[in-house]
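In: 3D model of this:
(one chain, ligands or ions: 1)
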Amino acid sequence: MFDIPDDEILDTALKHSFWTWSAQGKVSPIPVTRAKGVYFWDTDGKRYLDFNSMTMCVNIGHGDERVIDAIIEQAKALPYAAPGMATKPRAILGELLNEITPGNLDHFMFTLGGADANENAVKLARGYTGKHKILARYRSYHGASAGAMALTGDPRRNPWEPNLMPGVVHFLDPYRYRSTFHRTNPNICEADFTQDYLNHLEEIIQYEDPKTIAAILIESVTGTNGIIIPPEGYLQGVRELCNKYHILLIADEVMSGFGRTGKWFAVDHWGVVPDLMTMAKGLTSAYAPLGAVAMKPEIAAAYNDVVYQGGLTYTAHPISLAAAIANIKVMQEDHIIEHTHEMGPVLHRMLADLGEQHASIGEVRSIGLFGVIELVRDRHTREPFTPWNASSPEMAALRKSLLENGLYLYSHWHTLLIIPPLIITESQLAEGFDILDKALAATDRSVQK
Ligand SMILES: Cc1ncc(COP(=O)(O)O)c(C=O)c1O
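Out: Here you go, the predicted model:
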C-alpha cells in the first residue's frame, strides 16, 4: 500500500493538486487527518471545532460508525451497479425519502451532488412545461457546473459569463437588513415587506411573459449568501404566483435540508410543497457523494413514454445510497431533527448576546442550526466590513485569529456563517462562541466611533 508520514501530507498534496475556488499560489490547506463528532484534527494533532460541518454538509457529525459500517457492507455486497439497474439500497432509499419529503413528492432521481441535482431539476421543468426560462434569485448559489453557475445569482457566476446556460433571469431576495425597497422605510410591517417582494417577482414574471417561464428556483433559506430567512408569507406567496402563472416551483434544499433548520426540509416551516426539490450535502452527511431531485408524480409520469435524456456513470451509486440510508436512520434513531429544533433557540440567544456585546456586529440571524453574523463598520449606515464581493484586512485577520484558536467556520465577504454539525451540544456551541467573542474584540476596534 502507498503511504506517507503525516508530516509529508501537506507538502506532497501541494505538489500535485489543483485546488478549486483558489488562486493556486495562495492556498493554505489544513492537513486534516481525522474527525469525530464536532471536531477534527490536523497533522500536528491540533483540534478544531467545526462550525461549518466541513462544507455545510456533515449534518450528523464526523466519524459515525453506523454510516461507515453501512458503506463497508455495501462495498462488500455490491460496490457498483449500472445506473439502469435496480438495487436494494435504491429501493430502500426511495421508500425513506418518500416518507420524509413534503407533500406528494414521490419520485427521486439520484445525482452526484447539488449542482447536477439543480441542472436535472431544470431539465425536468423545461421538459414538463415545454417552456424555457428559469427565474432565480441574485443572492443565491446553486452550484459550480455551467448550468448551475448560470442559475447562481451571486458574483461567483461572473467570471464565467457569457458562456453559461441561457434562459436564466434573476430577481431580488426579501433581505430585510439590506432591503433595496425599504431603505427609507426600514420598519415596514412584515406583511407589507413580503408583499413588496412578491409584487417585484410578479412584475418580473409579467415582463418576462409567464408563457416562457418553466420554473422559479429558490433556496428555501438562502445559505452562503447570508442565511436569508424568508419572511412569513413569502414562500407561500411564491407558491401562489407559480400556481397562478403555471410555473413550477423548484426548492433548492441542498444546504437547508436534512434537519439544518430544525425540520427535515426548510419548506416544512411554511407548509409549502414545491414541484421539484433538490438535495445533496446532508442527504449522506457527506459520508459519500450524493444528490437527488424529488419530483411530483405528474412530472415523473410525463416521461412515461418519452425518454429522459440524462444520467451519469455514477448515477445512483450503491455505496452513496447505502450511506444515505444509514444517515437518515441515524437522524431518526438519535432524534437529530428534534435536537436541532431544541438547539435552535440556544444558538439564537448566543448570537443575540454576541451581537449586543460587539459594536462590529450589525445583525445576527438564525433558524435551527443555520446562523449568520453580519459585520459592519457602522451600525447606523450598515456599511459592511468588506466592500461588495471583496475581502478586507480586518476580515482576513479575524479568520486567521479564529483558526489559530481552533474554530473552523466559513466567512463570506463581511459575514460569518455558523453551520455546525447538528449533534452539537450547548457547551460545544458556547466553546465556539467564546473564541468568537475574543476574536471580535479586534474587529470592534476598527468600528467607526
Ligand atoms: C444551496 C446550494 N445549492 C447547490 C449547491 C451545489 O452543491 P454541490 O457542491 O454538491 O454541487 C450548494 C453548495 O454549496 C448549495 O449551497
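
In: so where's the protein uncertain?
Out: Counting by pLDDT under 70, the chain has low-confidence residues at 1, 448-449.

In: ok and the residue in it nearest the ligand?
Out: Using Cβ to the nearest ligand atom, the single residue of the chain nearest to the ligand is Gly114, 2.2 Å away. In short, each C-beta sits where N, CA and C put it, glycine included.

In: which residues touch that residue?
Out: Each residue near Gly114 by Cβ atoms under 8 Å, 6 or more residues apart in numbering is listed here: 142-143, 148, 252, 254-255, 278-281, 291.

In: let's see it at 10 Å
Out: When contacts are counted by Cβ atoms under 10 Å, 6 or more residues apart in numbering, Gly114 touches 57, 141-145, 148, 252-255, 257, 278-281, 283, 289-292.

In: hey, where'd the helices end up in the chain?
Out: According to DSSP state H, the chain carries its helices in the segments 9-16, 53-56, 65-77, 88-100, 114-129, 146-151, 190-208, 234-245, 297-301, 318-333, 336-357, 393-404, 426-445.

In: Serialize the ones you listed to a markdown table and add fields for distance to Thr43.
Out: A markdown table is the format used below for these (distance: least, Cβ to Cβ, whole Å):
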| stretch | distance to Thr43 |
| --- | --- |
| helix 9-16 | 6 |
| helix 53-56 | 17 |
| helix 65-77 | 22 |
| helix 88-100 | 34 |
| helix 114-129 | 30 |
| helix 146-151 | 34 |
| helix 190-208 | 48 |
| helix 234-245 | 45 |
| helix 297-301 | 48 |
| helix 318-333 | 26 |
| helix 336-357 | 30 |
| helix 393-404 | 15 |
| helix 426-445 | 21 |
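
In: Point out the residues in the stretch 1-150 of the chain that sit beside the ligand.
Out: Neighbours of the ligand within the stretch 1-150 of the chain, by Cβ under 6 Å from any ligand atom: 113-115, 118, 141-143.

In: and which of these is nearest to Ala82?
Out: Gly113 (19.8 Å; Cβ to Cβ).

In: give me the number of residues near the closest one?
Out: 23 (other Cβ atoms under 10 Å).

In: try Glu95
Out: The number of residues packed near Glu95 is 9, by other Cβ under 10 Å.

In: So it versus Phe108, what's the distance?
Out: Glu95 sits 10 Å away from Phe108 when distances are taken as Cβ to Cβ, to the nearest Å.

In: Trp413 is nearest to which of the helices of the chain?
Out: Of these, nearest to Trp413 by Cβ to Cβ is helix 393-404, at 7.7 Å.

In: max-length strand in the chain?
Out: strand 370-378 (DSSP state E).

In: for the closest residue to Gly127 other than its chain neighbours, what are its contacts?
Out: The shortest distance from Gly127 to any non-neighbouring residue, by Cβ to Cβ, 6 or more residues apart in numbering, is to Ala302 (6.8 Å). Neighbour list for Ala302: 124, 127-130, 295, 308 [criterion: Cβ under 10 Å, 6+ apart].

In: still on that earlier bit, export the longest strand of the chain as CSV, just CAs?
Out: C-alpha atoms of strand 370-378 as CSV (Å, rounded to 0.1, in the frame of the first residue of the first chain):
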residue,chain,number,x,y,z
PHE,A,370,-28.2,27.8,10.5
GLY,A,371,-26.9,31.2,11.6
VAL,A,372,-25.1,34.3,10.4
ILE,A,373,-23.2,37.2,11.8
GLU,A,374,-23.1,40.4,9.7
LEU,A,375,-20.1,42.5,10.5
VAL,A,376,-20.4,46.3,9.8
ARG,A,377,-18.1,49.3,10.2
ASP,A,378,-21.0,51.4,11.3
